[in-house]
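*Asks:* Please find the sequence and the predicted model below.
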Amino acid sequence: MKKSNFALRLQPSLLEEARRTAEEEGVALNQLINVAVAEKLSALRTQAFFRERARHANVPFICPAPVPHLSKPSWQFDRTVGCTRTVPTCLGSPD
């Protein structure tokens, strides 16, 4: 693995918090910053991956499964027309 140096300018309060966290975690400040950057990059890549997958998706609204503890389900399934909602409780529902 090739290593490189990079001068990083942090706000004093952020640097102090990073130092305190590194000490609490028992790691070097450099390692804490490396892991933080790696985690952020991973989260951004994951977000981009799912955004791209969603862009190509062709999924109609999907009815939720009934909740067992409710006396009446919030939807009924009709084999001829698909999902028939009786109570519009879901986010992203077409109605």
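*Replies:* In hand now; what should we look at? Residues are numbered from 1 along each chain as shown.
*Asks:* packing partners for the biggest helix by length in the chain?
*Replies:* Longest helix in the chain by number of residues (criterion: DSSP state H): helix 29-56. With contacts defined as 3 or more CB pairs under 8 Å, 6 or more residues apart in numbering; DSSP states H and E, the packing partners of helix 29-56 are helix 12-25. (Glycine included, C-beta is placed from N, CA and C.)
*Asks:* Could you list the buried residues of the helix it packs on?
*Replies:* A18, A22 (16 or more other CB atoms under 10 Å).
*Asks:* okay, that helix in CSV with CA atoms only?
*Replies:* The C-alpha trace of helix 12-25 is given here as CSV (Å, rounded to 0.1, in the frame of the first residue of the first chain):
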residue,chain,number,x,y,z
PRO,A,12,-9.8,23.6,16.3
SER,A,13,-13.0,22.2,17.9
LEU,A,14,-13.2,19.4,15.3
LEU,A,15,-9.6,18.5,15.8
GLU,A,16,-10.0,18.4,19.5
GLU,A,17,-13.1,16.2,19.2
ALA,A,18,-11.2,13.9,16.8
ARG,A,19,-8.2,13.7,19.2
ARG,A,20,-10.6,12.9,22.1
THR,A,21,-12.4,10.2,20.1
ALA,A,22,-9.2,8.6,18.9
GLU,A,23,-7.9,8.4,22.5
GLU,A,24,-11.2,6.9,23.7
GLU,A,25,-11.1,4.4,20.9
